[in-house]
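K.L.:
Task: produce atomic coordinates for the following.
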Amino acid sequence: MPPRLNKRQLREQEELQALKTDVKQNDGDSEEQSETSSPIAPPKPVVGGFAALMADHDDDDSEEDEASQTKSSNVTPYAHPAVQKKKKKKSSAATPATPAASSPAPESHPPEPAPTTEAPQPPPSSSGPSKKERKALKKQKAKEKQKDEMDDVDKALAELSLKYPDLKQQLATAAASTSSPAAARSLAVLLAVSLQHLDSEAELRKFFGSKVVAAAKSGAPSGPARPSIMQRSNLTRPKPTWWPAQLREGLSVRPLTAEELDAGLRRHGWQPLHGEKLWTVEYSKKYRAVTLQFMRTVMSGDPEGFYQLLRLLPYHADTLLQLSEVYHHREEHSTAADYVDRALFTYERGFVGAFNFTSGANRLDFDHVENRPFFLALHRQVTDLQRRGCVRTAFEFARLMYALDPWSDPHGALLHLDYLSIKAGMTQWLIELWEVFEPDVDKEVKEGKSPYVRRIIPNIMPGIVYSHALALFIREEGSGDIEHERSTAALKHAILNYPPVVPILADKADISLSGDIRSHPAFRIHPDASMLLSDSHAIFHLLSHLYAQRAAALWKPTARASWFAQTVASVYNTLPTVPPAPPKLFFNRFEHPALAWSIYRHVLVNESTCRSLFPFVPRQLLDARHLACDPLPPSTRVSEYDSEFFRGAEDVLAARPRSRRQEARFLERLVPDGPLRRQLQDLWDAHPGLAQRFPGGLVQFAQVAAEMPDVFEDMMVALADAGADGVPELRDGGVMPGAMPGGEVMVNFVDPEDDVDDVEDMPAQPAAPAGPQNADAQQEEVEDSEEDDDGEEEEEVAPLPVRFVRSLVNRFWGGRPAVNNDDDSDEEGQLRDTEGVD
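P.N.:
Alright, predicted model coming up:
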């Protein structure tokens, strides 16, 4: 048996085998071997004594160097130095430090090789992967990482598409848009509303002081104060007299779907624009039902019905705007303005969620009838603010109205902004608005292409063109520029393209022009559309009259008037000698009814100040029937207040079914006097036709009689005069129901202290036979008793005046001659007196 080798001998044997393996590898691939590092060190020369101890120490150092190289080649994680020291100590402890153990055996006496069964195998090569392998591994990891990142992006997009369904729609719109994103952002900034300038009271305090405004408010008449509840609003200042408001008041807002957007673009012939989002308001079920009753009240012509609707829904915008119009015609402007504020507050409560009306990028689709009351409220607010002298606040509300739909401008906000921007000191805003559209206007003039084709843009409106020149002149005055080159060029452009403004503005602003200038054919004034060729020509002259009428005061200062007169004198010789035609861009847009009706709608809403301009409006539009709640609906409308819109809506004024016991209690509170209540019941039973007019029964009949006595009396007179068709009982001489053939009146009066159940259970009534009807009646009585046990809260009702009920009964029974003889009249009167009528 061969001797057992010690550790040192085994180590030398392993080193020899490693050397042989290295030689073979160097012969096969020397380049690859240079990149790799072997954990086995080459043999060292034989030493002895203290040199052997030093050699052991060097061996340890070399082993540490080899280990560090191996770690660096394998790109292993960073190890803490303390851990490395521990490993160093362990490796040094495992090697004996004695000279005998460290000295190798002489080469002349090599040890015998151990049996193959017991000899240990060489350790596997611990060298790291090659450079090519590392590159391939790195590329594979990069691909996997990129794939994981793409998966994360897809997941994020999927989550966003679920959270924001219109995100994909916006991306598609932005991709198909032909407008510039920079222009869209600039426009959104210009159309963004300043909340601090929406407060008219703040502007009044700036001019008159807080004490004067507070004194005016305290002296103004006000209604009964409601419970004070903190109500916030950016558009108005809620007053203590207002009803407490809920969150939405039956209104909500939602974005238009992709199908609705495509349909809208097709209706108007537009191209998609960048950075816009369209919304629409939706009515709740109750709000739609109240709107149905509102339309019925409008058709009836009775303004008292609007107050009944406000009792059902205090914040119904259409009703509030209609009452505002009523008070406006009565010249009660403060009350009219209060109702407009309430209408604005109603819609503002519905603008929740992502819709922000102050951002300048959100639009309301005017084609939906639910949005049109808000535009109307804004328009009336602008006109009322101008009446009060709050021009800065009026400008802000006009800018809001323009920002909600700048491309069709349904209520003509630009026709307010052209002169309000100068009055309110917003000249720089007007100049920047002009510059946003100027590149596209030049492109459309030269190439006929523009993203704003068939859209209203400010640069084609006569008022904006002249106000832009005036804004440049004011800015040059502020900067000390006495040449006024740019403003003069802008005014010449305005005169050449819109000459009808010149003579009208000169007359309104008292600017003297020579006779040659006034006699020029281009400066002919048309008072109506009878001599004009088309609707576009009529609108061309209508807008000239409108701007001169409103902005004449802006041109009256001496410096501006002389500059205007000099510029006109320098350019009028270049004008054509034929009647002027509107510019091509203007003509192409206002040939379409959708944009032309926006101008007509503006004139109709401002009827009190624009009545002189009605001859420019087509006769068929003036003769058509219009509603004040929806003046001149757009030709591209999607919905309107018709039978299709109100399909499935309930009648909110229909009386709720009451049990007999509830009806009796309610009528008892309404008419406390028992005999009068019985006579009113008999009057109701004697006129079956009343049930058709008052589906709520006797209670509704009595309430309407108390709330609208004049209308009710006329209706009853008409019913009585109908003869056999309306009141068959009065045909026999006006005998009260219950009269016997002998002229005696037999009426069973119910005393107020008597219980209604006792009257129903009187023994004089024969017992009804058992049957299905009797079972239903018993079931109804059981339900009545259950309702009484529930202790349901009863409606508050004020009792009717006794004199009113008595006059009502005498009106239809006591005013006609009786069938009986004259001798019996006194007896009948005495009988009536003894029966407790008085």
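K.L.:
Pull up the pairing partners for the lengthiest strand in the chain, direction included.
P.N.:
Ranked by number of residues, the top strand in the chain under DSSP state E is strand 277-283. Partners of strand 277-283 in the sheet, by DSSP bridges, are strand 251-255 (antiparallel), strand 362-364 (parallel).
K.L.:
Which SSE is immediately downstream of that strand?
P.N.:
helix 285-300 (DSSP states H and E).
K.L.:
Please spell out which residues along the very next helix or strand once past that next one are buried.
P.N.:
As assigned by DSSP H and E, the chain's next helix or strand after helix 285-300 is helix 304-312. For helix 304-312, a neighbour-count test (16 or more other C-beta atoms under 10 Å) marks 305-306, 308-310 as buried. No exception for glycine: its C-beta is placed from N, CA and C like everyone else's.
K.L.:
what's the average pLDDT for the helix or strand hosting Leu187?
P.N.:
Using DSSP H and E, Leu187 sits in helix 181-191. Taken as a whole, helix 181-191 carries a mean pLDDT of 91.
K.L.:
Which elements pack onto that helix?
P.N.:
Other helices and strands packing on helix 181-191, by 3 or more C-beta pairs under 8 Å, 6 or more residues apart in numbering; DSSP states H and E, are helix 391-404, helix 427-447.
K.L.:
could you dump those to TSV with mean neighbour count, mean pLDDT and distance to Lys285?
P.N.:
Output for the helices and strands packed on helix 181-191, formatted as TSV (neighbours: other C-beta atoms under 10 Å; pLDDT from 0 to 100; distance: least, C-beta to C-beta, whole Å):
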stretch	mean neighbour count	mean pLDDT	distance to Lys285
helix 391-404	24	96	26
helix 427-447	16	93	42
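K.L.:
of all the ones you listed, which lies closest to Asp510?
P.N.:
Of all the helices and strands packed on helix 181-191, it is helix 391-404 that lies closest to Asp510, at 21.9 Å by C-beta to C-beta.
K.L.:
quick one, that closest one and helix 181-191 angle?
P.N.:
140 degrees (axes from the mean of the first three to the mean of the last three C-alpha atoms, to 10 degrees).
K.L.:
Tell me the helix or strand right after helix 391-404.
P.N.:
Following helix 391-404 toward the C-terminus (DSSP H and E): helix 414-423.
K.L.:
which residues touch that following helix?
P.N.:
382, 386, 391, 394-395, 398-399, 402, 426-427, 429-430, 456, 458, 461, 463-464, 466-467, 470-471, 474, 543, 546-547, 550-551, 554, 599, 602 (C-beta atoms under 8 Å, 6 or more residues apart in numbering).
K.L.:
about what we covered before: quick one: closest of the strands paired with strand 277-283 to Met295.
P.N.:
Closest among those, using C-beta to C-beta: strand 251-255, at 17.4 Å.
K.L.:
Show me which positions of that closest one end up buried.
P.N.:
So strand 251-255, judged by 16+ other C-beta under 10 Å, has buried residues 251-253, 255.
K.L.:
and those residues, which two are the farthest apart?
P.N.:
The largest separation in these, counting by C-beta to C-beta, is between Leu251 and Pro255 at 15.2 Å.
K.L.:
Next, Arg669: secondary structure please.
P.N.:
helix (DSSP: H, G, I helix; E, B strand; the rest coil).
K.L.:
Can you report how many residues lie near it?
P.N.:
Per other C-beta atoms under 10 Å, the neighbour tally for Arg669 reads 15.
K.L.:
can you offset everything so residue one is 29?
P.N.:
That works, and once the first residue is 29, the last one we named lands at Arg697.
K.L.:
any idea how far it is from Trp435?
P.N.:
57 Å (C-beta to C-beta, to the nearest Å).
K.L.:
same check, this time on Arg260
P.N.:
Distance from Arg260 to Trp435, by C-beta to C-beta: 31 Å.
K.L.:
Look at those two and report which has more neighbours.
P.N.:
Trp435 (18 against 9).
K.L.:
With adjacent residues omitted, what lies nearest to the more buried one?
P.N.:
Nearest residue to Trp435, sequence neighbours excluded (C-beta to C-beta, 6 or more residues apart in numbering): Arg483, at 4.0 Å.
K.L.:
Check that neighbour and give its pLDDT.
P.N.:
Value listed for Arg483 in the pLDDT field: 94.
K.L.:
Now Tyr355: closest residue in space, sequence neighbours ignored.
P.N.:
For Tyr355, the closest residue by C-beta to C-beta, 6+ apart turns out to be Ala364, at 4.0 Å.
K.L.:
actually Asp369, sorry about that
P.N.:
That would be Thr264: by C-beta to C-beta, 6+ apart, it lies 4.2 Å from Asp369.
K.L.:
Could you do Lys536 as well?
P.N.:
Nearest to Lys536 is Ala580, by C-beta to C-beta, 6+ apart, at 3.4 Å.
K.L.:
can you count the residues close to the one you found?
P.N.:
With other C-beta under 10 Å as criterion, Ala580 counts 18.
K.L.:
Over to the one 5 residues further on?
P.N.:
The local packing of Pro585 (other C-beta under 10 Å) involves 11 other residues.
K.L.:
residues touching it, list them.
P.N.:
Counting by C-beta under 8 Å, 6+ apart, Pro585 has no contacts.
K.L.:
ok, now Val599?
P.N.:
Applying C-beta under 8 Å, 6+ apart, the residues near Val599 are 520, 523-524.
K.L.:
can you rerun that using 10 Å?
P.N.:
Contacts for Val599 (C-beta atoms under 10 Å, 6 or more residues apart in numbering) come out as 516, 519-524, 527, 530.
K.L.:
can I assume it sits in a strand?
P.N.:
No: applying three-state DSSP, one finds Val599 to be helix, outside a strand.
K.L.:
quick one: it and Ile502, what's the gap?
P.N.:
21 Å.
K.L.:
ok so, going back, between the one helix or strand the residue nearest to Tyr355 maps to and helix 332-340, how big is the angle?
P.N.:
Under the criterion of DSSP H and E, Ala364 resides in helix 361-378. Angle between the axes of helix 361-378 and helix 332-340 is 40 degrees (criterion: the same axes, to 10 degrees).
K.L.:
so what pLDDT did Ala517 get?
P.N.:
So Ala517 comes in at 96 (pLDDT).
K.L.:
That one: which element?
P.N.:
Counting by DSSP H and E, Ala517 is found in helix 513-525.
K.L.:
Can you list the buried residues in that helix?
P.N.:
515-516, 518-520, 522-525.
K.L.:
I'd like to know which of the residues you listed is nearest to Ser663.
P.N.:
Asn525 (27.4 Å).
K.L.:
what's the spacing between the closest one and Val493?
P.N.:
Where Val493 is concerned, Asn525 sits at a distance of 7 Å (C-beta to C-beta).
K.L.:
Find the residues that touch each one of these two.
P.N.:
In contact with both Asn525 and Val493: Pro611, using C-beta under 10 Å, 6+ apart.
K.L.:
just for the protein, where's the confidence low?
P.N.:
Counting by pLDDT under 70, the chain shows low-confidence ranges at 29-31, 50-157, 174-207, 244-258, 274-275, 681-688, 691, 720-724, 731-866.
K.L.:
now the angle from the helix holding Ala517 to helix 455-475?
P.N.:
Using the same axes, to 10 degrees: helix 513-525 against helix 455-475 is 50 degrees.
K.L.:
Against which helices or strands is helix 513-525 packed?
P.N.:
Counting contacts by 3 or more C-beta pairs under 10 Å, 6 or more residues apart in numbering; DSSP states H and E, helix 513-525 is packed against helix 455-475, helix 490-507, helix 529-536, helix 586-599.
K.L.:
which stretch among those helices comes nearest Glu619?
P.N.:
Nearest of those (C-beta to C-beta): helix 455-475, 15.4 Å.
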